[in-house]
Structure formats: structure tokens, C-alpha cells
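**Student:** take a look and give me a structure for this.
(one chain, ligands or ions: 1)
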Amino acid sequence: MKYRTLGRDLTVSAVSLGCMGMTHAFGAPSDTKEMTKLIHEAVDLGYTMFDTAECYTGTLPDGSTAYNEELVGPALKPYRDKVIIATKCGVQHSPDGLLTDSSPETIRRSVEGSLKRLDTDHIDLYYQHRIDPKVEPETVAETMAQLIKEGKIRYWGISEVNEEYLRRAHAVCPVTAVQNRYSMMARWHEPLFAVLEELRIGYVAFSPLANGFLSAQYDETSKFEPGTDYRSRMPQFTAEGVRQNQKLLSFLEHTAQEKNATPAQISLAWMLAKHPNLVPIPGTRKSERLRENAAAAEIELTPEELAHIDCALNHMEMSAVFGGSKTVK
Ligand SMILES: NC(=O)c1ccc[n+]([C@@H]2O[C@H](COP(=O)([O-])OP(=O)(O)OC[C@H]3O[C@@H](n4cnc5c(N)ncnc54)[C@H](OP(=O)(O)O)[C@@H]3O)[C@@H](O)[C@H]2O)c1
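**Tutor:** Residues are numbered from 1 along each chain as shown. As a prediction, the model looks like this:
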């Protein structure tokens with residue numbers, strides 16, 4: 001595994017682990033023992049950052065709630081001083097979309113809940129999960145600064161942030177990482193790269209495989225559980241989406257063959273080459289994929305190869321890609 005720096009001095013594995021799908025959005029929650037074993041395997045492979053959120057919940061067969069943090073925190077307890085736990089506040093799921101609340105009182109209540117569920121006395125990286133239009137960035141940054149002073153969190157970040165909001169927040173309390181969507185199918189945040197370099201802020205790329213689509217392991221026959229598996233509603237996985245993405249999938253397969261890699265690895269290696277302080281957090285519940293994704297950090301793309309991929313992507317027909325649930329103000 002290789003390592004990268006987020007912000008001034010937060011060192012994390014170049015490929016880190018998204019844990020959301022273990023309880024949320026990709027079908028019914030997975031077995032806790034199996035996922036704990038997988039997380040331990042990730043530590044052995046050199047993964048050091050583990051991404052969760054207070055709202056990554058699922059429903060168990062008996063109707064009770066499976067909290068992602070209650071899986072991730074206890075699983076990492078034996079390695080607590082060697083790993084970075086990243087979690088998020090300020091969003092709750094509702095039938096209409098995402099409810100945002102980043103008031104100081106809510107953030108404070110959330111941090112206490114996360115510390116309890118994670119069974120730890122500090123959170124390494126704490127994100128505001130979405131911008132809350134009712135709260136100024138300065139107010140959120142002030143709250144985070146106080147939490148850092150109190151030792152409850154070490155670093156903070158913002159998810160799905162834009163330049164203006166980021167600059168205002170960073171001026172009050174330095175931001176260590178943004179966590180925004182990024183993949184070969186979702187490149188709209190690329191203009192932020194220069195701003196991040198200027199401010200020395202890292203980019204944690206979520207949904208780096210376009211929710212798995214860029215692994216080229218799925219086609220129009222793939223079945224996803226309606227309701228619990230969000231892929232059943234994602235445009236890239238529909239029959240029409242798969243058809244529109246044929247060129248992209250062929251290109252990925254061809255490039256992978258040339259580099260003796262897999263399409264998922266090319267997708268990750270491409271973004272690692274795009275920005276020196278970018279860290280993808282692919283999610284998986286399978287050991288072989290955990291290994292495959294980690295090995296992407298070892299694949300080097302030359303500037304010419306990178307330019308060739310970018311040029312191909314710039315001119316390729318693609319379907320729409322899932323862009324997240326609607327935010328309810
Ligand atoms: N900040 C935010 O708002 C936000 C939003 C979404 C996600 N996230 C974070 O980002 C992480 C990753 O995002 P994501 O899960 O949406 O998308 P992703 O990482 O692009 O894709 C995950 C999906 O791809 C499959 N997969 C992973 N590696 C694979 C491989 N090598 N070959 C074939 N399939 C593979 C996984 O299936 P299996 O599990 O079956 O292996 C899973 O269904 C999440 O876990 C979460 O921590 C943050």
C-alpha cells in the first residue's frame with residue numbers, strides 16, 4: 001500500500017475503505033462478523049482510513065436499526081491508534097430525500113452519538129456531510145474548531161462542498177479534506193483541484209467506481225433489490241444506461257488489458273494520477289475486491305497515458321450517473 005497526505009499532516013492509505021455499503025444503500029445489512037473480518041483484513045493489507053457516517057443505517061430482519069458506526073468502531077478497536085476513523089454529521093435520510101441540519105447544537109449532539117456508537121474517545125476526521133443552507137460556513141467551522149480544542153475530533157472536512165463555502169469555512173478553521181463525488185463518470189468537481197492545492201486541502205473521492213459500475217462487472221441482467229439497494233434506481237445501471245456506456249466499458253477493458261490490470265483498478269489508478277492529494281474510498285464487502293482495489297495504488301500511469309484517458313473520456317458518450325439523493329431544505 002502507498003500513503004498520501006490530506007491537509008497539512010493527516011497521512012492515510014492511498015486507497016482507503018468506504019464502509020457505507022456494509023449496512024446501507026446496497027441491499028440488506030451484511031453480517032457483522034463477516035464485515036468485522038473484512039475490516040481486519042483491510043488493516044492487514046495496509047488500509048488505514050475507514051469511512052462511515054451517522055446516517056449509514058439499515059434495517060435488520062427483526063426491524064431494528066443497523067448502525068454502520070456500531071460495526072466500524074468496534075471492528076477497529078484493536079487497531080485504534082493505527083487507523084483513521086472518518087465519520088460525518090448533518091444529514092438524516094427521509095422518504096423525501098436528505099434532511100440537512102448543521103446547527104451547532106445538532107453537530108454537538110451528533111458527535112456525542114458517534115463517539116458512543118464508535119466506542120472511541122475521539123474521531124480522527126469529522127465531516128459536515130452536506131451544506132446546510134440555514135447555517136453559515138463560519139458557524140460550522142467555529143463549532144468544529146471548538147470540537148478540535150476539546151479533543152473530540154482531530155481534523156475536519158466537508159462533503160459535497162463548493163469553492164465559495166470551502167474558502168469561507170477554511171478561513172475560520174483549516175479544513176483537512178473535502179469529500180466529494182468523483183469518478184470517470186462524475187468529473188464536475190475537477191475545477192476544485194487547483195483550489196485544494198492552493199489551500200493544502202485533500203480530496204477524498206466518494207463513489208469512485210460510479211457505485212461499482214466502472215468495475216465492468218455489471219450489465220443489463222444485473223438485479224438489485226428495489227428499496228434497499230439504491231442501484232435499482234441509478235441511471236448507469238438501467239438497460240438504457242448500460243447501452244449508452246458500452247464505449248466506456250470497452251475502453252476500460254481495453255486499457256485494463258494493456259496495463260495488466262482490471263477495469264476497477266484502472267478507474268482508481270486514473271484518479272490517483274489526477275491529483276497528488278486525492279484518496280479514493282471504494283466500498284466493498286468482498287475480500288477479493290478489497291485486495292484488487294488496494295493493488296490499484298501500485299499502478300502507475302504515465303502523463304501520456306493519463307492524457308490519453310482524459311481525452312477519450314472527454315469525447316465519449318455516457319449515460320447519466322447517480323448524483324446523490326435530493327437535499328431537502
Ligand atoms: N460523502 C457522501 O455523501 C458519500 C456518498 C456515497 C458514498 N460515500 C462513501 O464512499 C464510499 C464508496 O462509495 P459507493 O459505495 O457509493 O461507491 P463505489 O465505491 O464506487 O462502489 C461500491 C460498489 O462497487 C462494488 N465494488 C467495489 N469494488 C469492486 C471491484 N473491484 N469489482 C467489482 N465491484 C466492486 C461494491 O460491491 P460489493 O460491496 O458487493 O463488493 C459496491 O457495490 C462509501 O462506502 C461511503 O463511505 C460518501
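**Student:** what's the burial count for H122?
**Tutor:** 17 (other Cβ atoms under 10 Å). Backbone N, C-alpha and C define where each C-beta goes, glycine included.
**Student:** wait, isn't it in contact with R154?
**Tutor:** Yes: taking contacts as Cβ atoms under 8 Å, H122 lies within contact range of R154: 6.2 Å.
**Student:** quick one, helices of the protein?
**Tutor:** 32-45, 68-76, 104-118, 137-149, 163-172, 192-199, 239-244, 246-258, 263-274, 287-295, 303-314 (DSSP state H).
**Student:** up against the ligand, what does the stretch 1-150 of the chain have?
**Tutor:** G18, C19, M20, G21, F26, D51 (Cβ under 6 Å from any ligand atom).
**Student:** most neighbours, which of those residues?
**Tutor:** Sorting those by how many neighbours each has (other Cβ under 10 Å) puts C19 first, at 30 neighbours.
**Student:** could you pull up the contacting residues of the closest residue to M35 other than its chain neighbours?
**Tutor:** Leaving aside its sequence neighbours, M35 sits nearest to M22 (Cβ to Cβ, 6 or more residues apart in numbering; 4.7 Å). Contact analysis of M22 by Cβ atoms under 8 Å, 6 or more residues apart in numbering lists P29, S30, M35, N68, L71, V72, G283, R285.
**Student:** the first one reaches D62, doesn't it?
**Tutor:** It stands for P29. No: using Cβ under 8 Å, P29 makes no contact with D62, being 11.4 Å away.
**Student:** low-scoring stretches of the stretch 201-329 of the chain, by residue?
**Tutor:** 329 (pLDDT under 70).
**Student:** please identify the residues of it in proximity to the ligand?
**Tutor:** Residues of the stretch 201-329 of the chain lying near the ligand by Cβ under 6 Å from any ligand atom: 206-212, 215, 217, 264, 281-286, 289, 292-293.
**Student:** among the residues you listed, which are in strands?
**Tutor:** Counted as lying in strands by DSSP state E, out of these, are F206.
**Student:** show the buried residues in the residues of the stretch 201-329 of the chain next to the ligand.
**Tutor:** 206-212, 215, 264, 281-285, 289, 292-293 (16 or more other Cβ atoms under 10 Å).
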